[in-house]
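Enquirer: predicted model and sequence below, questions to follow.
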Amino acid sequence: MTTPPASAASRSGDGSDRSGRLLFRRTWWTAFIGFFLVCAGWALAAPYDASPDEREHIVRAVGVARGEFAPKPEAAGGGTGAFQHVPASIVRDNCWWFDPTKSAACAKEPGGDQQIERVGTRAGRYNPLYYALVGWPMALWPNWLGLTLARLVSAALVSALLASAAHALVAWTRHRVAAAGVLVAVTPITAHLAGSINPNGIEIAAGVALIAALIPTMLDPEQPLRRAAMVQIGIAGAVLMTVRSLGPLWAAVIVGIMLIPAKRERLKQLLRFRPAWWAAGTLFLTGAAGALWTVVMKASEMMPVQVPPGITVPKAIRYEVIVRWPEYFTELVGVPSWLDTRLPGTAYYLWFLAIGCLVLPAVAFGTWSDRWRVFAFFLAPFGAITLSDAMEAHKVGFAAQGRYMLPVVVGVPLLAAFVIGQRGGLSPARSASLVRTVALVVLPLQLAFLAYTMIRWQAGVGNSVDYTPLNPLSGTWHPPTGSATALLTGVAGCLVLGYWAWTSTGRRAEAAREQRLAEISAS
């Protein structure tokens, strides 16, 4: 074989680098800015302790930032948790939770007295990784400034993982429909959690990024194995397995679903690909570390509560399936604030419709392996949560929430979109039309969830249509940066994500993707 001149090889490499950088800018950076602005809208709009247990996570984050990584497990938060030493100015009681008719105006704002106090938190035993990344602004400025900056740091971390998922599915596959899976997978509750101090947000984003990197790696034999994909698998898997106690289980479920069944030839390629061994080693070590932390610190212990007598496991399972499953479905999309802000049912039906537009064709056109994986991404987390909740119901009640399952359930729309592109036989024009239609459905819904939750925080919402206001800029409480700032930030994020959806399915993006794939294959 003739070796090309050095100058020609250099030019080819430069062209490949340029096309790769161009494709990266068109996918990763655009998606990152869009997701960050959407999450930042929630961060700017929310009062103190706006999402479930945010106060507990704030105390833990400030404690970790002050060096208290592994406090002694004690009965500090309803029988679980630990104590942290934090400024009093960042600890406030919640006077409006669970009462949607009440605005946040009754609450005392963070700031003022910075005297250090010993404060108990249910999150005191949780892994310190996430808290070390987001806690430092609140340790430096224990007031609204520090809290807002910490929320924005959390939003940026989540957005980086979501942008990596978007880039993996758009740039590393030949199927335009994959972009629709990302838009549907990132439900409003994910953006809400990302804009608050809560490790559940980054856990969900890590699940999205892990599945998105595994799809072209394991299921698309036409694609070359990429070092970048292995790096993303290693980082996303490490984050997933360390930030919360369920992480090692969810990561094992995801990898197991993607591996079984796997094409023998693809497995042989992976075994010969050294970066795959580094990724596998990273997953093993971080999974073991995450599980060890949970066991040593007793991080999975839950607060005991009084429950009605006579709850058996069979009765609890029936209750889970009949009563709790419908609640889980709604919570997967989002019941914001303290599970006390439920939007009109039409909002949820429309999101489920967008999911169905991906799942039903995937089941119809996919192979049996495709169908198995789509159903497994749904049944595995639902089964695990149902069984664990039922077994502990006699001690802690029914404590699970739909958001706990999202790190795995997000695989349903991600995989379904890929299967449609691979098996559905859609023309480029029809694929682009599907992606853009999905964007026109879910992006306005993202804004609707943000605006309605702002109304709940600022004025309260009631059961009567006459009582509930429809103006997210009015109310007795307003965020420090202003209601308009928060809402316009969310609007800007949805517009950028809409632009990303349009351009990622356009002809220029398709040409850049094909050129990049050809260059990789040639090299």
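Expert: Arrived safely.
Enquirer: quick one: the strands in the stretch 51-200 of the chain, in order.
Expert: 82-87, 116-121 (DSSP state E, counting those that start in this stretch).
Enquirer: determine which stretch of those strands is the most buried.
Expert: Each of the strands of the stretch 51-200 of the chain was scored by mean neighbour count; the highest is strand 82-87, a mean of 23, by mean count of other Cβ atoms under 10 Å. All C-beta atoms are positioned from the backbone trio N, CA, C, and that covers glycine.
Enquirer: just to revisit the earlier point, mean pLDDT and distance to Ile204 added to the strands of the stretch 51-200 of the chain, as a markdown table?
Expert: Formatted as a markdown table, these follow (pLDDT from 0 to 100; distance: least, Cβ to Cβ, whole Å):
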| stretch | mean pLDDT | distance to Ile204 |
| --- | --- | --- |
| strand 82-87 | 96 | 25 |
| strand 116-121 | 95 | 22 |
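Enquirer: let's have those strands in JSON lines, adding distance to Pro188.
Expert: Below are the strands of the stretch 51-200 of the chain laid out as JSON lines (distance: least, Cβ to Cβ, whole Å):
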{"stretch": "strand 82-87", "distance to Pro188": "30"}
{"stretch": "strand 116-121", "distance to Pro188": "27"}
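Enquirer: list just the one of those strands that sits closest to Leu219.
Expert: With Cβ to Cβ as the criterion, Leu219 lies closest to strand 116-121 of these, at 41.8 Å.
Enquirer: that closest one - which strands sit beside it in the sheet, and in what orientation?
Expert: strand 82-87 (antiparallel) (DSSP bridges).
Enquirer: using PDB, write down the CA coordinates of the strand it pairs with.
Expert: The C-alpha coordinates for strand 82-87 follow below in PDB (Å, rounded to 0.1, in the frame of the first residue of the first chain):
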ATOM      1  CA  ALA A  82     -25.600  13.500  60.500                       C
ATOM      2  CA  PHE A  83     -24.700  16.900  61.900                       C
ATOM      3  CA  GLN A  84     -22.800  19.600  60.000                       C
ATOM      4  CA  HIS A  85     -21.400  23.000  61.200                       C
ATOM      5  CA  VAL A  86     -22.600  25.700  58.900                       C
ATOM      6  CA  PRO A  87     -23.400  29.500  59.000                       C
END
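Enquirer: count the residues that sit near Ser196.
Expert: Each residue near Ser196 was counted by other Cβ atoms under 10 Å, and the total is 26.
Enquirer: how much space between it and Phe449?
Expert: 14 Å (Cβ to Cβ, to the nearest Å).
Enquirer: same question for Ser483.
Expert: Relative to Phe449, Ser483 is positioned 15 Å away (Cβ to Cβ).
Enquirer: can you check Ser300 too?
Expert: Counting by Cβ to Cβ - Ser300 and Phe449 are separated by 30 Å.
Enquirer: which one of those two has more residues nearby?
Expert: For the pair Ser300 and Phe449, the greater number of neighbours falls to Phe449 (25 against 14), based on other Cβ under 10 Å.
Enquirer: now do the helix or strand hosting that one: distance to the chain's middle.
Expert: Element membership for Phe449 (DSSP states H and E) is helix 428-458. How far helix 428-458 lies from its chain's middle: 17 Å, per Cα atoms, centre = their mean, to the nearest Å.
Enquirer: what element comes up after that helix heading to the C-terminus?
Expert: Using DSSP H and E, the first helix or strand after helix 428-458 is helix 483-504.
Enquirer: what average pLDDT does that following helix get?
Expert: Averaging pLDDT along helix 483-504 yields 96.
Enquirer: next one: it to chain centre, how far?
Expert: For helix 483-504, the distance to the chain centre is 18 Å (Cα atoms, centre = their mean).
Enquirer: the inter-axis angle of it versus helix 428-458?
Expert: Going by axes from the mean of the first three to the mean of the last three Cα atoms, to 10 degrees, helix 483-504 is angled at 170 degrees with respect to helix 428-458.
Enquirer: elements contacting helix 483-504?
Expert: If contacts are counted by 3 or more Cβ pairs under 8 Å, 6 or more residues apart in numbering; DSSP states H and E, helix 483-504 sits against helix 30-45, helix 144-171, helix 178-185, helix 428-458.
Enquirer: any residues touching stretch 265-273, and which ones?
Expert: Stretch 265-273 is contacted from outside by 217-218, 221, 225, 230, 276, using Cβ atoms under 8 Å, 6 or more residues apart in numbering.
Enquirer: the helix or strand hosting Ile202 to helix 30-45, inter-axis angle?
Expert: Element membership for Ile202, per DSSP H and E: helix 199-219. If you take the same axes, to 10 degrees, helix 199-219 sits at 160 degrees to helix 30-45.
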